[in-house]
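Enquirer: quick one, fold the following:
(4 chains)
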Number of protein chains: 2
Amino acid sequence: MEFRILIYSRDAQLFLLLQHVLATEGFVVSLAGGANDILKLVFNDRVRAVVIDGSATRLDLYPFRAKHPHVSFILLLNQPVPPRGFGSAMADADLVLTRPFDPSLLIQFLRRLRVEAVVTKRGTRSAETPLRFADLEMNSTTVKVRRNGHEVPLTALQFRLLRHLLKDPEVVQSRDALIAACWSREAEVEPRTVDIHMGHIRRALKKYGPDLIRTVRSHGYALAAEASPDNHPLT
Amino acid sequence: MEFRILIYSRDAQLFLLLQHVLATEGFVVSLAGGANDILKLVFNDRVRAVVIDGSATRLDLYPFRAKHPHVSFILLLNQPVPPRGFGSAMADADLVLTRPFDPSLLIQFLRRLRVEAVVTKRGTRSAETPLRFADLEMNSTTVKVRRNGHEVPLTALQFRLLRHLLKDPEVVQSRDALIAACWSREAEVEPRTVDIHMGHIRRALKKYGPDLIRTVRSHGYALAAEASPDNHPLT
DNA sequence: TTCGCAAGTTTGTTGCAACAAAATTGCGAC
DNA sequence: GTCGCAATTTTGTTGCAACAAACTTGCGAA
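Expert: Next up is the predicted model:
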C-alpha cells in the first residue's frame, strides 16, 4: 500500500493549500471527487489516510473503519460543536480538527502515521503497520520483514502475498483470492503460480524458524504457528 | 532586515495555512488585525510584502505605494471580476490572485522578491538540530553534510533529497514522494530521474563509508545502516 | 471391517526465457 | 557546474513447463 492521502472537500482553496503543504512534506495527495472515490481508492488499498472536510457532506465512517482498520480518517469541522449527524463520524475519526486548524497539527499526525503505526483517537495502535504473527514481523512503512530479529529478504510480490496472509493469519486464502489481492487487475496468472511463490516465501521464512505457511489441500494457504497436521480422522 | 510578510485577512483558516506554507519557505509571517496594523508595521520598515485577502475589506493601496515603494502588495480576489472599488487596488497591486489560487504562484512571486532583496542577506536563522543517521550528519543551517568527519560535497538538489530521506531515515520514500518534496511544484520530472540523483548521492557518500542508500525495488528509496546483507530474495 | 496398492489428484520444486526495474553513461540545455 | 532525459547495460523478478513428491480415492482380498 502506498502512502497516499485522499482529501475530500468542496473547498477548492482548502484543497490547493493542503495539497501544497502535504506535498512539501512528501505526501502524495489526491482529491476525492465524491464519496465513491473514497470507496474506490480505499478499497484498492491505495490510500493511507483520508481527510474529510466537514463542510463536504455527512459521511458515515463506520463501514470504512470496519473493513479498513489501517486507513486513518481525519475530520475537519467547521464549528467546535459538531452539527447533528456527525456524532458517529466524530467518534470514529482518528483526528478531529476544528477550523481554523493549524496545519502543523495535521502534518504532525501524518508524519507520525508514516513513521510509526496506525494512530487512533485512543493513541497508537499497532494494527497494521507492524503486522505480526508468531515470531514474524512485517513493517509496511520500511518495507521490511523480520523473523526472530533476522531480516528476511523478499521480492515485492512475495511481500504482497505474505502481507495478505498476515492481515488475517488464520484465514485460509484461496489461490484465486491471493491472485485477486496481490496481482494487478489485468494480470492473468495460473493458480499454480501462486504455489511457486508460496514456496519461495516458505523457504525464505524457514531460514529462521519452523514452517509458518500452512497448505490447506484443495483450498489454499494460510499461516500457522505450528505446522499443525490436520486433526481430521481419516475415512 | 528580515523578510516579513503581512497577511491581512478575516479568514483565520486561510491565514493559518498561508502562514504555514510561507514559514516553510523561510518567510516570517504576521497577521494584520486591521488596516492600522498594516500602517504600523509597514511604517516600521519591517514588512516586505503584504497579502490582502479580498474578502477582508476595501483598501486603497495608493497611499501605501507612494510612501513605501519597496513593499509589494498581493491581492487575493474571491471572484475573477473584482467588485467595484477594487479597480484601483488591482491596478496598484504587484500580484493579483483569484481564489482558488495555487499557493505555488504566491511562493514563486515572494521567492523572486526575496532574491532581489538578498543584497542585505544575513544568515541569522535559528539553529536547527542537525539531522543524523549512522555516521552521517547534515546541518541544514550551514547546508553541509559530513560523514565520518569528512565533508561530502552535494548539489542543492542532492541535499534536498538526502534531507528528505534523513527526516525519516528508515521510511521508504517513493519516487513520487521525493519529487513532491524536493522539486518545485511546477517542475515535471520523470520518476526515473530520481534514480540518477540517488546514484550521485550514493556515490558521494560511498567515498567515506559503506552504502547508506537502500533501494527498495518497485517501492523507492530509504536509508539503511547496513546497506543490505547481500541477501537476495530467492526467486 | 481393515489393509495394500494402483490410479488419479494436488502440491512442491527447478530451470529458464521473457520481462521489468535500476544503475550508469553521455549529451544537450542552461 | 547542475540538471533532465534518452539510451544502454546490468541486475532482479516473474510465469510457466516439466517433473517429483505427497496425498486421496477406489477397490479387491484377508
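Enquirer: contacting residues around the lengthiest helix in chain A?
Expert: Of all the segments of type helix in chain A, defined by DSSP state H, the longest one is helix A:191-206. Residues outside helix A:191-206 that contact it (C-beta atoms under 8 Å, 6 or more residues apart in numbering or on different chains) are A:136, A:147, A:152-155, A:157-158, A:161-162, A:175-176, A:178-179, A:211-213, A:215, A:221, B:233-235. Glycine gets a C-beta too; all of them are placed from N, C-alpha and C.
Enquirer: likewise for stretch A:180-187?
Expert: Contacts of stretch A:180-187 (C-beta under 8 Å, 6+ apart): A:157, A:160-161, A:164, A:173, A:179, A:189.
Enquirer: and those, which is closest to residue B:46?
Expert: Nearest to residue B:46, judged by C-beta to C-beta, of these is residue A:160 at 55.3 Å.
Enquirer: ok, the helix or strand that closest one falls within near DNA strand D or not?
Expert: Residue A:160 belongs to helix A:156-167 when assigned by DSSP states H and E. Yes. For helix A:156-167, a contact with DNA strand D is found by C-beta under 7 Å from any atom of the strand, at A:156-158.
Enquirer: elements contacting that helix?
Expert: If you count contacts as 3 or more C-beta pairs under 8 Å, 6 or more residues apart in numbering or on different chains; DSSP states H and E, helix A:156-167 packs onto strand A:130-133, strand A:136-139, helix A:175-182, helix A:191-206, strand A:220-223.
Enquirer: buried ones in the longest one?
Expert: In this case it means helix A:191-206. A:194, A:197-198, A:200-202, A:204-205 (16 or more other C-beta atoms under 10 Å in any protein chain shown).
Enquirer: near DNA strand C, from these?
Expert: A:198, A:202.
Enquirer: who wins for most neighbours among the residues of helix A:156-167 next to DNA strand D?
Expert: The residue in the residues of helix A:156-167 next to DNA strand D with the most neighbours, by other C-beta atoms under 10 Å in any protein chain shown, is residue A:158 (22 neighbours).
Enquirer: so what pLDDT did the residue positioned nearest the centre of chain A get?
Expert: In chain A, the C-alpha nearest the mean C-alpha coordinate belongs to residue A:70, at 4.2 Å (C-alpha atoms, centre = their mean). Looking at residue A:70, its pLDDT is 73.
Enquirer: in which helix or strand would I find it?
Expert: Per DSSP H and E, there is no helix or strand for residue A:70.
Enquirer: between the residues of helix A:156-167 next to DNA strand D, which is nearest DNA strand C?
Expert: Nearest to DNA strand C among the residues of helix A:156-167 next to DNA strand D, counting by C-beta to the nearest atom of the strand, is residue A:156 at 7.9 Å.
Enquirer: next one: phi and psi at the closest residue to the closest one other than its chain neighbours?
Expert: Setting aside the residues directly before and after it, residue A:156 is nearest to residue B:218 in space (C-beta to C-beta, 6 or more residues apart in numbering or on different chains), at 4.4 Å. Here is the backbone geometry of residue B:218 (degrees, to the nearest 10): phi 60, psi 20.
Enquirer: state the distance from residue B:218 to residue B:199.
Expert: Distance from residue B:218 to residue B:199, counting by C-beta to C-beta, to the nearest Å: 17 Å.
Enquirer: for residue A:220, list the residues it contacts.
Expert: A:172-175, A:177-178.
Enquirer: wait, which of the residues you listed is closest to DNA strand C?
Expert: residue A:175 (7.4 Å).
Enquirer: just give the number of residues close to the closest one.
Expert: When neighbours are counted by other C-beta under 10 Å, residue A:175 comes out with 18.
Enquirer: returning to that earlier point: need the helices and strands packed on helix A:156-167 in TSV with mean pLDDT, can you?
Expert: Formatted as TSV, these follow (pLDDT from 0 to 100):
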stretch	mean pLDDT
strand A:130-133	86
strand A:136-139	91
helix A:175-182	91
helix A:191-206	93
strand A:220-223	93
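Enquirer: now render these as TSV, adding distance to residue A:78.
Expert: Shown next, in TSV, are the helices and strands packed on helix A:156-167 (distance: least, C-beta to C-beta, whole Å):
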stretch	distance to residue A:78
strand A:130-133	36
strand A:136-139	37
helix A:175-182	38
helix A:191-206	49
strand A:220-223	45
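Enquirer: who's in contact with residue A:141?
Expert: Here residue A:141 is in contact with A:3, A:114-115, A:129, B:170-172 (C-beta under 8 Å, 6+ apart).
Enquirer: out of the residues you listed, which is most surrounded?
Expert: residue B:172 (24 neighbours).
Enquirer: domains of chain A?
Expert: Here the domain parsing of chain A from automatic domain parsing is A:4-125, A:130-223.
Enquirer: least reliable of those domains by average pLDDT, please.
Expert: When I compare these, domain A:4-125 is least confident, with a mean of 75.
Enquirer: close to DNA strand C: what parts of chain A are there?
Expert: So chain A meets DNA strand C at A:192, A:195-196, A:198-199, A:202-203, A:215-219, A:235 (C-beta under 7 Å from any atom of the strand).
Enquirer: out of the residues you listed, which comes closest to residue A:101?
Expert: Looking across these and measuring by C-beta to C-beta, the closest to residue A:101 is residue A:198, at 46.6 Å.
Enquirer: residue A:76 is in contact with residue A:100, isn't it?
Expert: No. Contact between residue A:76 and residue A:100 fails when scored by C-beta atoms under 8 Å: they sit 9.9 Å apart.
Enquirer: out of the two, which sits in the busier spot?
Expert: More crowded of residue A:76 and residue A:100, by other C-beta under 10 Å: residue A:76, with 26 against 15.
Enquirer: what about residue A:137, how many residues close to it?
Expert: When neighbours are counted by other C-beta under 10 Å, residue A:137 comes out with 17.
Enquirer: quick check: bridge partners of it?
Expert: residue A:132, residue A:146 (DSSP bridges).
Enquirer: quick one, what contacts it?
Expert: Counting by C-beta under 8 Å, 6+ apart, residue A:137 has contacts A:130-131, A:145-147.
Enquirer: please enumerate the strands of chain A.
Expert: A:4-8, A:28-31, A:49-53, A:72-77, A:95-98, A:118-120, A:123-125, A:130-133, A:136-139, A:144-147, A:150-151, A:213-216, A:220-223 (DSSP state E).
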